[in-house]
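[1] Predicted model follows, preceded by the sequence.
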Amino acid sequence: MGQDSSPSPTPAQNRPLTWKRVVHLHDGRTFISDGAVALDAALTKATSSENQVLPEASAKIIEGYLTAELPDEFASYQLTRRGETYVAPSGVRLNPIYIDYLRRTLPESRLRFRMKSDLEPVVVLLDGKAVGLLMPIKSASR
């Protein structure tokens, strides 16, 4: 029997996210954010009663990213663990706290990502539908 090569999550990676902001999109969905990830609230167990409500301008920005034509799309299983980060096939690094949260929260077989570079948010897809944004870890060489 083969060994599971994925590292065991640390307690920090298993901790629940602290949602601080909420934004209402024009399509009726509500997204919640902790500042580095924004997700469709319907997919999380979070409550948004005490969160800061972001203005319509923020909704427009998020909607622009969610619908952007981005060149690189890949499945969750294509991420490689390197040290303290996950690395996309394009080399962009992603925070394991958020990747592990997404893998625990959403069906991994239906979870995909779409991106352009480490300078723009990564779009989180579930069954091909954009359901979130995740900020990548910027390259140290920039």
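    Thanks, I have it.
[2] neighbouring contacts of stretch 74-83?
    With contact meaning C-beta atoms under 8 Å, 6 or more residues apart in numbering, stretch 74-83 is reached by 6-7, 86-89, 93-94, 96, 99, 102-103, 108, 111-113. All C-beta atoms are positioned from the backbone trio N, CA, C, and that covers glycine.
[3] Make a ChimeraX selection of the buried ones in these.
    Of the contacts of stretch 74-83, the buried ones can be selected in ChimeraX as follows, counting by 16 or more other C-beta atoms under 10 Å:
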select :86,87,88,93,94,96,99,102,103,111,112,113
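[4] Which ones among the contacts of stretch 74-83 lie within helices?
    Among the contacts of stretch 74-83, DSSP state H puts P96, I99, L102, R103 in helices.
[5] Determine which two of the contacts of stretch 74-83 are furthest apart.
    Within the contacts of stretch 74-83, P7 and R112 form the most distant pair, 21.9 Å apart (C-beta to C-beta).
[6] So which of the ones in helices among the contacts of stretch 74-83 is the closest to L17?
    Using C-beta to C-beta, L102 is the member of those that lies nearest L17, at 10.3 Å.
[7] Would you quantify the distance from that closest one to E69?
    Relative to E69, L102 is positioned 22 Å away (C-beta to C-beta, to the nearest Å).
[8] what does A59 give?
    20 Å.
[9] between the two, which one's more packed in?
    A side-by-side neighbour count of A59 and E69, using other C-beta atoms under 10 Å, places A59 first with 18 against 6.
[10] Just the pLDDT at that one, thanks.
    pLDDT recorded at A59 is 96.
[11] Please verify my assumption that it contacts L25.
    Yes. Using C-beta atoms under 8 Å, A59 is in contact with L25, at 5.3 Å.
[12] which residue packs closest to R103, ignoring adjacent ones?
    Closest residue to R103 apart from its sequence neighbours, by C-beta to C-beta, 6 or more residues apart in numbering: S76 at 6.3 Å.
[13] what about that neighbour, how many neighbours?
    Residues near S76, counting by other C-beta under 10 Å: 19.
[14] Now it. Its backbone dihedrals?
    Dihedral pair for S76: phi -60, psi -40, per degrees, to the nearest 10.
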